[in-house]
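S.K.: return a 3D structure for these sequence lines:
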Amino acid sequence: MHSMYFGILRSLLGKIGISEQQLLNNTALTVADTQSDVSFTAKQLNTLCANALHLSKDIQLGLKVGSQFDLPSQGIFGYALMTSSTVGDALKLLVRYNRVILPSITIELKSNEGRTEVLARADYLPFELERFYCELLYAAIVNSRHILFDAPQTDFKLELDYAAPADKTTYEKVFGPKIHFNSAKRSLSFSDGSLTTPISTANPLTQDILQRECDRLLPLESHRGIIAARVQHELLQSGSEFPNCATMAKKLHMSESTLQRHLTKEGFRFQQLLDKVRYRLANEYLVGSALPVVEIACLLGFSDTTNFRRAFKRWSGMTPSQIRERGR
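M.R.: Below you'll find the predicted structure:
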């Protein structure tokens, strides 16, 4: 799936004389590997994109990659987004399949004064690489309006928490005039009203089938990494008493700092993996059982239902009752 990013980078940087092998330096991949639909691990994708930034010396490279983003090239996950009913539904799925599409960043939706913000961050990455991914994401979302929506002028506003470059031409070409630099946050926001905009390729029946298949494939994606996969496996086997990071490290016969270092290299933090497992189990309990929400919250290690509902809304963009109703 991530071969799409390599293809775009190869095309863009090839024009300035940068070779495929230079892009792949230190990824443990060869040019021959990329001839098939190779799925880069999070670490390999980070190395590839860091190489591209270093070789091109272009801080706005993320914008240029995102502007060439093509949803159908994301395979079944892209088609799941395309068959959503509304802009809001597609954004919720983007959060749900965040780690498949862009494994090294965290994407969240947040409601704020009549607008819904798409927040993106990767606190453990170097600033230049985090900026690359965030700008790639925002440019891809805006670019996808022309693929998805009958109303391409969907209202949006971009806020960035760093200074404007001397030349803002690329930003204005991608986002138009609604850009605010030196903001207190980094977000792409839409008016709540615009989230009800219908998607031209919506197909509820197909979308349901695709989403079920995506959910089945999600835990199999290779970008999780070997250590992250072992952590998730242990968490799933732990019942309702989830171990903390220190206890998990002992289970895996390593120090806590070593575990954190391995997870960082694979593009994860322990809390992200715990949340992923909790979200997966929460869905199974809500849809596959009649357990009251208060009991589900207890099984997932939450001290009260309020904290569980708040966390579940953050993970999925929906409340537990909405998920349960949809699963009936």
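S.K.: strands of the stretch 1-150 of the chain, start to end?
M.R.: Taking DSSP state E, counting those that start in this stretch as the test, the strands found in the stretch 1-150 of the chain are 106-112, 115-121.
S.K.: apart from its chain neighbours, what residue comes closest to the residue most central in space within the chain?
M.R.: Within the chain, the residue whose C-alpha comes closest to the C-alpha centroid is N98; the distance, by Cα atoms, centre = their mean, is 2.2 Å. In space, and not counting its chain neighbours, N98 is closest to I107: 4.5 Å by Cβ to Cβ, 6 or more residues apart in numbering. Using the backbone N, CA and C atoms, a C-beta is placed for each residue, glycine as well.
S.K.: do you know how far the one you found is from T201?
M.R.: Here the distance between I107 and T201 works out to 22 Å (Cβ to Cβ, to the nearest Å).
S.K.: circling back: which stretch among the strands of the stretch 1-150 of the chain comes nearest R216?
M.R.: When these are ranked by proximity to R216, the top entry is strand 106-112, at 21.2 Å, counting by Cβ to Cβ.
S.K.: pull out the CA atoms of that closest one and give them to me as PDB.
M.R.: Taking Å, rounded to 0.1, in the frame of the first residue of the first chain, the C-alpha atoms of strand 106-112 are listed here in PDB:
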ATOM      1  CA  THR A 106      -1.700  10.200  15.100                       C
ATOM      2  CA  ILE A 107      -4.900  11.600  13.600                       C
ATOM      3  CA  GLU A 108      -7.700  12.900  15.700                       C
ATOM      4  CA  LEU A 109     -11.100  14.600  15.200                       C
ATOM      5  CA  LYS A 110     -12.100  17.300  17.700                       C
ATOM      6  CA  SER A 111     -15.200  19.500  17.800                       C
ATOM      7  CA  ASN A 112     -14.600  23.200  18.500                       C
END
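S.K.: give the buried residues for that strand.
M.R.: Taking 16 or more other Cβ atoms under 10 Å as the basis for neighbour counts, the residues of strand 106-112 that come out buried are T106, I107, L109.
S.K.: what do you get for stretch 26-43?
M.R.: Going by neighbour count (16+ other Cβ under 10 Å), the buried part of stretch 26-43 is T27, L29, T34, F40, T41, A42, K43.
S.K.: dump those into CSV; add pLDDT as well.
M.R.: Supplementary listing: these in CSV, determined by pLDDT from 0 to 100:
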residue, pLDDT
T27, 88
L29, 85
T34, 82
F40, 80
T41, 79
A42, 81
K43, 82
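S.K.: between those residues, which sits nearest T83?
M.R.: The nearest member of the buried residues of stretch 26-43 to T83, counting by Cβ to Cβ, is F40 at 25.7 Å.
S.K.: what's the longest helix along the chain packed up against?
M.R.: Longest among the helix segments of the chain by residue count, using DSSP state H, is helix 127-148. Here helix 127-148 touches helix 42-56, helix 61-66, helix 75-82, helix 87-96, strand 115-121, helix 169-175, strand 187-191, going by 3 or more Cβ pairs under 8 Å, 6 or more residues apart in numbering; DSSP states H and E.
S.K.: what residues does the helix or strand of the chain with the lowest mean pLDDT touch?
M.R.: Sorting the helices and strands of the chain by mean pLDDT, DSSP states H and E puts helix 226-237 at the bottom, at a mean of 78. For helix 226-237, the surrounding residues in contact (Cβ atoms under 8 Å, 6 or more residues apart in numbering) are 219, 224, 242-243, 248, 251-252, 259, 262-263, 266-268, 270, 273-274, 276-277, 280-281.
S.K.: roughly how far is whatever helix or strand comes next after that helix from the heart of the chain?
M.R.: The first helix or strand that comes after helix 226-237 along the chain, using DSSP states H and E, is helix 245-251. In this view, helix 245-251 has its centroid 26 Å away from the chain centroid, taken as Cα atoms, centre = their mean, to the nearest Å.
S.K.: and the closest residue in space to L137 that isn't next to it in sequence, how far is that from E135?
M.R.: By the measure of Cβ to Cβ, 6+ apart, the closest residue to L137 outside its immediate chain neighbours is A120, 5.3 Å from it. Distance from A120 to E135, counting by Cβ to Cβ: 9 Å.
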